[in-house]
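Participant: My questions are about this predicted structure, shown below with the sequence.
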Amino acid sequence: QVQLVESGGGLVQAGGSLRLSCAASGRTFGSYAMGWFRQAPGKEREFVAAIAWSDTTYYANSVKGRFTISRDNAKNTVYLQMNSLKPEDTAVYYCAGSGGSYASTSEGQYDYWGQGTQVTVSS
C-alpha cells in the first residue's frame, strides 16, 4: 500500500521560511513525478510545484522564485522549501505522487495523495 506522509507545516510570520517533507512508502518514486498542491479555506485545490523523474521542476507563477521542490531518491522523500512566505500562502499543503514520469500541473494526473499539512503565515 502506497502512503505519502507530509510533515513540516506550522505557523510562521510573513517573510519567514518553512520546509515541507513528503515521505513515501510502499513504492519507490525515484522514476516518477511528484508534486505539491495546496488548498486555502473556501478555495479549490491548486498546483504549487512538481518535479519530474528527470528532476525538471515546474512552479505556479505565484510561488516561482520563492519555493523550491527537490527530491532525495535514497530517502524516497520529496521536499518543498518555502521562503519569503506571504499570508496568501496559508493553506493545507498536499504531496502527490504520479503514476508517470512526467510532471503535471493537473491534480488528475496524480494517483497518490498525502493527508496534508497546515501552513499558516501571519502578517
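Facilitator: Perfect, thanks for sending it.
Participant: going forward, measure contacts between C-alpha atoms and count neighbours the same way
Facilitator: OK.
Participant: can you pull the contacts of the closest residue in space to residue 87 that isn't next to it in sequence?
Facilitator: If you skip the residues right next to it in sequence, residue 87 has residue 121 as its closest partner in space, 4.7 Å away by C-alpha to C-alpha, 6 or more residues apart in numbering. Residues counted as contacts of residue 121 (C-alpha atoms under 8 Å, 6 or more residues apart in numbering) are 11, 12, 13, 14, 85, 86, 87, 88, 89, 90.
Participant: Look up phi and psi at residue 121.
Facilitator: Main-chain torsions, residue 121, degrees, to the nearest 10: phi -110, psi 120.
Participant: partner residues bridging it?
Facilitator: Beta bridges link residue 121 to residue 12, judged by DSSP bridges.
Participant: Now do it against residue 3, distance only.
Facilitator: Going from residue 121 to residue 3 by C-alpha to C-alpha, to the nearest Å gives 27 Å.
Participant: next one: residue 106
Facilitator: Going from residue 106 to residue 3 by C-alpha to C-alpha gives 20 Å.
Participant: any idea of the mean pLDDT for stretch 45-65?
Facilitator: Stretch 45-65 comes out with an average pLDDT of 96.
Participant: Centre of the chain to stretch 110-123, how far?
Facilitator: Offset of stretch 110-123 from its chain centre (C-alpha atoms, centre = their mean, to the nearest Å): 7 Å.
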